[in-house]
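> Quick check, what structure comes out for this input:
(chains A, B, C and D)
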Protein chains: 2
Amino acid sequence: MTMRAFSRSLPMALMRARESVMAEFRPILAAHDITEQQWRVLRALVDAPGGVGIGDLAASTVLMGPSVSRILVALEGRGLIRRSPVDHDGRRSIVAATPAGFELYESISPASEDAYHRVEERFGAADLDQLHALLDRLSTVLAD
Amino acid sequence: MTMRAFSRSLPMALMRARESVMAEFRPILAAHDITEQQWRVLRALVDAPGGVGIGDLAASTVLMGPSVSRILVALEGRGLIRRSPVDHDGRRSIVAATPAGFELYESISPASEDAYHRVEERFGAADLDQLHALLDRLSTVLAD
DNA sequence: TATTGTTATACTCTATAACTATA
DNA sequence: TATAGTTATAGAGTATAACAATA
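Numbers count the residues shown, from 1 in each chain, chains lettered A, B, ... in the order given. Next comes the predicted model:
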């Protein structure tokens, strides 16, 4: 049985690719004093203007519950998000971006879009579509 | 200009895919009491039996220098790697896996190969090849 | 002076468990 | 009892700067 070379490691390939892409995005986030994980949360909230439950938020951002809790405290402290109680269930709460949160998102978004387009330009739009499709399917078939 | 949906984020897609794949590998590493990053280092060393410089090791494993330093201390403490001085340059050292390091690698490797084959089976060998090709090219075109 | 590698520091996230409040 | 979310804790990595040794 032939051993796969180190470079054929799928997790490594995915990580290297992610690192390469994030190198384009990281300076933008750093300039706005927001971590990658905080940005993931903010994006998820902007994408769901009606608000999201905290458990769902953790799942959609691929973050642990405790991490989400701490991130929400930080974002709340900056006035970027707010929590609302849920009727008939005092355990839950719904999180949503505040106007300031949307504003921060909008101020970061153009540079982020530019970075994405630079990637698209260098890599090719068709290949990028194909890559997205493959990645989504990989995540889907491996999900239990 | 249409906003890309949250789910179209390339870094997110790469991370989700990596998470899905790592879910297959993580229990194997945990069972051998080795972290993901330690495993990356060990694999890199097994892949380069002649040894590698520490700077090159950091680059090839996508780890920071200080992280590599600490990981090497840990692996050295378990007798899995050794350092050798480099002739004519007292600043450098070469790191290589010890027999115990190769042995640990060999004891983990079969389960790791199995996991990879399970992924291949569910995802399709041809698509996996194509994914690898796209990921490698993405990393290449974005490398400065 | 520049380079290789280690050490120091502050911050963040992971991962698990314990805990609180509610259902 | 089970669930949603927070808090506590231990461990590891990120990122940068400072440092020692050597070139």
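> quick one: contacts of the lengthiest strand in chain A?
In chain A, assigned by DSSP state E, the strand with the most residues is strand A:89-97. With contact meaning Cβ atoms under 8 Å, 6 or more residues apart in numbering or on different chains, strand A:89-97 is reached by A:42, A:45-46, A:48-54, A:57, A:72, A:80-86, A:105. All C-beta atoms are positioned from the backbone trio N, CA, C, and that covers glycine.
> try 7 Å this time
Counting contacts by Cβ atoms under 7 Å, 6 or more residues apart in numbering or on different chains, the residues outside strand A:89-97 that touch it are A:42, A:45-46, A:49, A:51-54, A:57, A:72, A:80-86, A:105.
> Spell out which residues of chain A are next to chain B.
Contacts of chain A with chain B, taken as Cβ under 7 Å from any Cβ of the partner chain, map to A:5-6, A:8-22, A:24-25, A:40, A:43-44, A:47, A:62, A:116, A:119, A:122-123, A:127, A:130-132, A:134-136, A:138-139, A:141-143.
> Near DNA strand C, list only the ones from those residues.
With Cβ under 7 Å from any atom of the strand as the criterion, the subset of the residues of chain A next to chain B in contact with DNA strand C comprises A:Val62.
> of the residues of chain A next to chain B, buried ones?
Burial by neighbour count, judged by 16 or more other Cβ atoms under 10 Å in any protein chain shown, picks out A:6, A:9-22, A:24-25, A:40, A:43-44, A:47, A:62, A:116, A:119, A:123, A:131-132, A:134-135, A:138-139, A:142 from those.
> helices and strands around the strand or helix carrying A:Glu106, which ones?
Take DSSP states H and E as the rule and A:Glu106 turns out to sit in helix A:99-123. Helices and strands touching helix A:99-123, as assessed by 3 or more Cβ pairs under 7 Å, 6 or more residues apart in numbering or on different chains; DSSP states H and E, comprise helix A:10-31, helix A:36-47, helix B:125-142.
> Could you identify which of the ones you listed has the lowest mean pLDDT?
Per-segment confidence across the helices and strands packed on helix A:99-123 bottoms out at helix A:10-31, which has a mean of 91 in mean pLDDT.
> picking that back up, got JSON lines for the helices and strands packed on helix A:99-123, with distance to DNA strand D too?
As requested, the helices and strands packed on helix A:99-123 are arranged in JSON lines below (distance: least, Cβ to the nearest atom of the strand, whole Å):
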{"stretch": "helix A:10-31", "distance to DNA strand D": "6"}
{"stretch": "helix A:36-47", "distance to DNA strand D": "8"}
{"stretch": "helix B:125-142", "distance to DNA strand D": "15"}
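> give me the number of residues near A:His88?
By the measure other Cβ atoms under 10 Å in any protein chain shown, the count of residues near A:His88 is 6.
> before we move on, what about A:Ala125?
For A:Ala125, the number of neighbouring residues by other Cβ under 10 Å comes to 10.
> how close does the closest residue to A:Ser9 other than its chain neighbours get to DNA strand C?
In space, not counting the residues next to it along the chain, A:Ser9 is nearest to B:Arg43; the distance is 7.0 Å by Cβ to Cβ, 6 or more residues apart in numbering or on different chains. Taken as Cβ to the nearest atom of the strand, to the nearest Å, the spacing of B:Arg43 relative to DNA strand C amounts to 18 Å.
> Could you do A:Leu14 as well?
Relative to DNA strand C, A:Leu14 is positioned 15 Å away (Cβ to the nearest atom of the strand).
> That residue and B:Ser20 touch, don't they?
No: using Cβ atoms under 7 Å as the test, A:Leu14 is too far from B:Ser20 to be in contact (9.5 Å).
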